[in-house]
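Trainee: I would like the atomic coordinates for the input below:
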Amino acid sequence: MIKMIREDSQIKRCTDCGKSITFSEFCLYNSSISKERAKDLWNDSMIVIYCPECYFNIPEKPFKQKRGYFNYHLRFTNN
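Mentor: As a prediction, the model looks like this:
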């Protein structure tokens, strides 16, 4: 007999701090997405889960422009 596990009973841990997050909390934190989409994200092994405190305190990576962008504009400013 196969035992089905409901998403509500599964607990994941925040990637940074290790805080327990249930599927219900995940849906509450991400209320802008549908429950079906939330279920897909929750069950995807490639997606990392963060608690709200850690998610909003992630340092941003600096924006890096392509080299061609600089060279293109230098051609017009040096004339």
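Trainee: what sits up against the helix or strand encompassing Glu36?
Mentor: Take DSSP states H and E as the rule and Glu36 turns out to sit in helix 35-43. The contact list for helix 35-43, computed with CB atoms under 8 Å, 6 or more residues apart in numbering, reads 7, 10, 12, 23, 26-27, 30, 33, 47, 49. C-beta here means a position set from N, CA and C on the backbone, and glycine is covered the same way.
Trainee: would a markdown table of these with secondary structure be doable?
Mentor: Shown next, in a markdown table, are the contacts of helix 35-43 (DSSP: H, G, I helix; E, B strand; the rest coil):
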| residue | secondary structure |
| --- | --- |
| Glu7 | helix |
| Gln10 | coil |
| Lys12 | strand |
| Phe23 | helix |
| Phe26 | helix |
| Cys27 | helix |
| Asn30 | coil |
| Ile33 | coil |
| Ile47 | coil |
| Ile49 | coil |
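Trainee: pLDDT, distance to Phe56 and neighbour count for these - can I get that in TSV?
Mentor: Formatted as TSV, the contacts of helix 35-43 follow (pLDDT from 0 to 100; distance: CB to CB, whole Å; neighbours: other CB atoms under 10 Å):
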residue	pLDDT	distance to Phe56	neighbour count
Glu7	47	24	15
Gln10	83	24	13
Lys12	93	18	17
Phe23	94	20	19
Phe26	93	15	19
Cys27	94	18	18
Asn30	91	13	15
Ile33	93	17	13
Ile47	90	17	11
Ile49	91	14	16
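Trainee: Now do the buried residues in the helix holding Glu36.
Mentor: When burial is assessed from 16 or more other CB atoms under 10 Å, helix 35-43 yields the following buried residues: 38, 42.
Trainee: What mean pLDDT does that helix get?
Mentor: Mean per-residue pLDDT for helix 35-43: 94.
Trainee: Please, where are all the helices along the chain?
Mentor: 23-29, 35-43, 52-55, 67-77 (DSSP state H).
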